[in-house]
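K.L.:
could you look at this predicted model? Sequence included:
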Amino acid sequence: MRKAYLVSAIAAVLLSGGAMAKDVNLAKFHSDMGDCQSCHVEGKLKDIKKTITDSQTHENAQCRDCHGGYSELANDKLHFDPHTSHLGEINCTSCHTAHAKPELTCNNCHNFEMEMPFANSKAKKKWDGDWNQEQIRKAIERGPVETVDVIVVGGGSAGFNAAISAKEAGANVVLFEKAPYTGGNSMLAAGGINAVGTPQQKKKGIEDKVEWYAEDAMKGGRYQNDPKLVQILAEESAEAVAWLESLGANMDDLKRSGGARVERTHRPSGGASVGPHIIDTLRKAADKRDIPVRVNSRVEKIVLNDDKSIAGVVVHGRHSGYNMVAADSVVLATGGYGMNKQMVAYYRPTMKDMTSSNNVTATGDGVLLAKEIGASMTDIDWVQAHPTIGKDSRILISETVRGVGAIMVNTDGQRFISELTTRDRASDAILKQKDQYAWLVFDEQLVKKKKMVRGYEHLGMLSKANTIEELAKITNMKDLPKTAAAYNKYQAAGKDEAFGREDMPLNLSKPPYYAVKVAPGIHHTMGGVAVDTDANVLNLQSWKMDGLYAAGEVTGGLHGYNRLGGNAIADTVVFGRKAGENAAKFALEKK
């Protein structure tokens, strides 16, 4: 009876536009209709607080038990439906904060105007505002509350791949993620995973070689990459795709990314974004293997023994506070620092005022944790600008849009560079245009091949017209008709006489026609923690730090001074797996 009343009562609030008395929050609303057990485990109030885990597992289960899952909450009458987002079925408590003002997680990147229930509640001080050194010290003095073999820090692709690999190698593993949900920057990846020698390539008759993959990566990185790391990436890339497929991923589609000489970027069939698909696959794989994935849990210290070996970490939990967890191995998979303005200003001051396409979690935690215990850094000051971030937004316009067939023009509608050049050169070229932004132009043919483009239209980012001439008028690109005609001529002849674009899969001939305004923004931090070919973290003397491993964007050396699109996901899988396997091996050998 209480459940039915609760559902109807909240439904009434939602239908009324969320208007509530100022002092009412989600918790009070529930307790007024029943008691605290509407959300929490039964017991006295003082005991209930002790039952709340940092991941709020029981509370989120209660939400679903009462209101149903995301598919049941989906509302096609809403222009923007947060229950059908690319983030997947994240915790309800990511947005619906019980005792304080709710927060629309979508607006970490977007600017949706949406009235949420209980929006008049008082805001609460963030639990993870500071790293409290005194609390860290006390947690170490109290000693570990739990002991495992391997701790993985970070819940993106690198972290999940490390945790799953460590578990399959026989280790007892736990994964900590500071955000209310997993995914990291990997969740936002829109392109694909580069691999050579796959069945997908063979099926399409594409000739490719490990040597070509490595040469393309080295050339893209201005030959400042660590060639040993690049060679491993190339050699093990096909196995990485096979690994993802064994976990349930679909990597059947192929395209060509900037800087690659052939089609080697694998992605889901149907044009879906690769990041959400891979993260959903990895979440399910971790759950199937009973790997504890604890969100709202920020690691704030790597603890060492007197002999400098790994003792464990101090975790700051949203509800549990500061506690030490012991382990023989730690894997850092925390991502880069593209959303840490102070670090960007320090390491790459020329980019300090740029927008960023990164997840809000990309704040350089792993770099800070590693530096504190004497780890070495590689290329730490190299930050990549992605050329096509939606102007005046934080939304990345995937490189695959150019790869599939879009042309890039300036504000007059003139092409100015090959669309398949590397990201650094494309970014530099855009910034040399008179207005320092550009347009991507394409037609309905591309939309049908790349369905994710519909998302850009849904976000109101696309200009749309029935003819090229009409699109030129709408966007003030006076030379666009002439440019489109010339490009169609080049495409038909199979030779781009203007800029030497090597792959022109589509022309501009099928209405409607579209244009999206783009500009460079921070996308990837190439530098970070120094690692060897086994994903061991290196100290200032370039010796490996036993028991400490790292993978993904937190590391440096693999990409040199510029990363090719499609190599980041490959990095997270190849070296995430390697970090997990070696961390497990090290921990188990110590037993």
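P.N.:
Here it is on my side, so go on.
K.L.:
next, the distance between the ends of stretch 521-539.
P.N.:
Chord length of stretch 521-539, first to last residue, is 32 Å (CA to CA, to the nearest Å).
K.L.:
stretch 289-298 too?
P.N.:
First residue to last in stretch 289-298 (CA to CA) measures 23 Å.
K.L.:
in it, what counts as buried?
P.N.:
Using 16 or more other CB atoms under 10 Å as the test for burial, stretch 289-298 gives 291, 293-298. To be clear about C-beta, it is placed using only N, CA and C from the backbone, and glycine gets the same treatment.
K.L.:
contact partners of that stretch?
P.N.:
Here stretch 289-298 makes contact (CB atoms under 8 Å, 6 or more residues apart in numbering) with 53-56, 91, 127-128, 155, 163-164, 167-168, 173-182, 283, 286-287, 315-319, 365.
K.L.:
name the element the closest residue to residue 417 other than its chain neighbours belongs to?
P.N.:
Ranked by CB to CB, 6 or more residues apart in numbering and with sequence neighbours excluded, the top spatial neighbour of residue 417 is residue 429, at 4.3 Å. Using DSSP states H and E, the element containing residue 429 is helix 423-431.
K.L.:
following that helix in sequence, what is the next regular element?
P.N.:
strand 438-443.
K.L.:
helix/strand/coil for the residue nearest to the spatial centre of the chain?
P.N.:
By CA atoms, centre = their mean, the chain has its centre lying nearest to residue 185, at 1.7 Å. State at residue 185, reduced to three classes by DSSP: H, G, I helix; E, B strand; the rest coil: helix.
K.L.:
surely residue 361 is in contact with residue 339?
P.N.:
Yes. Shown here, residue 361 and residue 339 form a contact pair, counting by CB atoms under 8 Å, at 7.4 Å.
K.L.:
what mean pLDDT does stretch 569-589 get?
P.N.:
Per-residue pLDDT values over stretch 569-589 give a mean of 98.
K.L.:
ditto for stretch 288-297
P.N.:
Rounded mean pLDDT across stretch 288-297 is 98.
K.L.:
tell me how far the ends of it are from each other?
P.N.:
The separation between the terminal residues of stretch 288-297, taken as CA to CA, is 21 Å.
K.L.:
how far does that stretch sit from the chain's center?
P.N.:
Offset of stretch 288-297 from its chain centre (CA atoms, centre = their mean, to the nearest Å): 18 Å.
K.L.:
just the angle between the longest strand belonging to the chain and helix 423-431, please?
P.N.:
Taking DSSP state E as the criterion, the chain has its longest strand at strand 513-525. Strand 513-525 and helix 423-431 are oriented at 120 degrees to each other (axes from the mean of the first three to the mean of the last three CA atoms, to 10 degrees).
K.L.:
wait, doesn't residue 507 sit right on residue 486?
P.N.:
No. Contact criterion CB under 8 Å: residue 507 and residue 486 do not qualify, at 11.2 Å.
K.L.:
which strands and helices sit next to the helix holding residue 429?
P.N.:
Counting contacts by 3 or more CB pairs under 8 Å, 6 or more residues apart in numbering; DSSP states H and E, helix 423-431 packs against strand 383-390, strand 513-525.
K.L.:
going along the chain, name the strands of the stretch 51-200 of the chain.
P.N.:
Counting by DSSP state E, counting those that start in this stretch, the segments of the stretch 51-200 of the chain that form strands are 144-147, 150-153, 173-176, 193-194.
K.L.:
could I get the buried residues of stretch 289-298 as CSV with secondary structure and distance to residue 401?
P.N.:
Shown next, in CSV, are those (DSSP: H, G, I helix; E, B strand; the rest coil; distance: CB to CB, whole Å):
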residue, secondary structure, distance to residue 401
291, coil, 35
293, strand, 32
294, strand, 36
295, coil, 32
296, coil, 35
297, strand, 36
298, strand, 35
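K.L.:
which SSE is immediately downstream of the least confident helix or strand in the chain by mean pLDDT?
P.N.:
Between all helices and strands in the chain, the lowest mean by mean pLDDT, DSSP states H and E belongs to helix 2-15, at a mean of 44. Under the assignment DSSP H and E, the closest C-terminal helix or strand after helix 2-15 is helix 26-33.
K.L.:
now that next one: buried residues?
P.N.:
For helix 26-33, by 16+ other CB under 10 Å, it's 26-31.
K.L.:
name the nearest of the residues you listed relative to residue 553.
P.N.:
Nearest to residue 553 among the buried residues of helix 26-33: residue 26, at 35.0 Å, using CB to CB.
K.L.:
I figured that closest one was touching residue 101, is that so?
P.N.:
No. Between residue 26 and residue 101 there is no contact, the gap being 9.8 Å when judged by CB under 8 Å.
K.L.:
what is in contact with those two at once?
P.N.:
Common neighbours of residue 26 and residue 101 (CB under 8 Å, 6+ apart) are 118, 121.
K.L.:
I'd like to know how many residues surround the residue nearest to residue 454 when sequence neighbours are not counted.
P.N.:
Once flanking residues are discounted, residue 454 sits nearest to residue 447: 6.8 Å by CB to CB, 6+ apart. Counted with other CB atoms under 10 Å, the neighbours of residue 447 add up to 21.
K.L.:
what comes up buried for the one helix or strand residue 447 maps to?
P.N.:
Secondary structure assigned from DSSP H and E places residue 447 in helix 444-449. By neighbour count on 16+ other CB under 10 Å, the buried set for helix 444-449 is 445-447, 449.
K.L.:
same question for stretch 460-474.
P.N.:
Residues of stretch 460-474 classed as buried: 461-463, 465, 468, 470-472 (neighbour count, 16+ other CB under 10 Å).
K.L.:
try stretch 279-291
P.N.:
Neighbour-count burial for stretch 279-291 flags 279-283, 285-286, 291 (criterion: 16+ other CB under 10 Å).
K.L.:
just to revisit the earlier point, what subset of the contacts of stretch 289-298 is buried?
P.N.:
53-56, 91, 155, 163-164, 167, 173-182, 283, 286, 315-318, 365.
K.L.:
which of those fall in helices?
P.N.:
163-164, 167, 283, 286, 365 (DSSP state H).
K.L.:
for residue 404, state which of those is nearest.
P.N.:
For these, the residue nearest residue 404 by CB to CB is residue 283; the value is 27.7 Å.
K.L.:
contacts only, for the closest residue to the closest one other than its chain neighbours.
P.N.:
Spatial nearest neighbour of residue 283, excluding adjacent residues (CB to CB, 6+ apart): residue 182 at 6.3 Å. Contacts for residue 182 were tallied using CB under 8 Å, 6+ apart; they are 155-156, 159-160, 279, 283, 293, 295.
K.L.:
how near is residue 385 to residue 295?
P.N.:
Here residue 385 is placed at a distance of 30 Å from residue 295 (CB to CB, to the nearest Å).
K.L.:
ok, residue 398 next?
P.N.:
From residue 398 to residue 295 the distance is 27 Å (CB to CB).
K.L.:
check residue 338 too.
P.N.:
Applying CB to CB, the value for residue 338 to residue 295 is 21 Å.
K.L.:
my guess is residue 516 contacts residue 438. True?
P.N.:
No. Using CB under 8 Å, residue 516 makes no contact with residue 438, being 9.7 Å away.
K.L.:
compare these two (neighbour count), which wins?
P.N.:
residue 438 (27 against 24).
K.L.:
give me the neighbour count for the residue lying closest to the more buried one once chain neighbours are set aside.
P.N.:
In this structure, residue 438 finds its nearest non-sequential neighbour in residue 430, 4.9 Å apart by CB to CB, 6+ apart. For residue 430, the neighbour count with other CB under 10 Å is 22.
K.L.:
these two touch, right, residue 430 and residue 387?
P.N.:
Yes. Using CB under 8 Å, residue 430 makes contact with residue 387 at a distance of 5.6 Å.
K.L.:
what residues does the residue nearest to residue 159 when sequence neighbours are not counted make contact with?
P.N.:
Nearest residue to residue 159, sequence neighbours excluded (CB to CB, 6+ apart): residue 333, at 3.6 Å. Shown in contact with residue 333 (CB under 8 Å, 6+ apart): 152-156, 158-159, 162, 366, 550-552, 554, 572, 576, 579.
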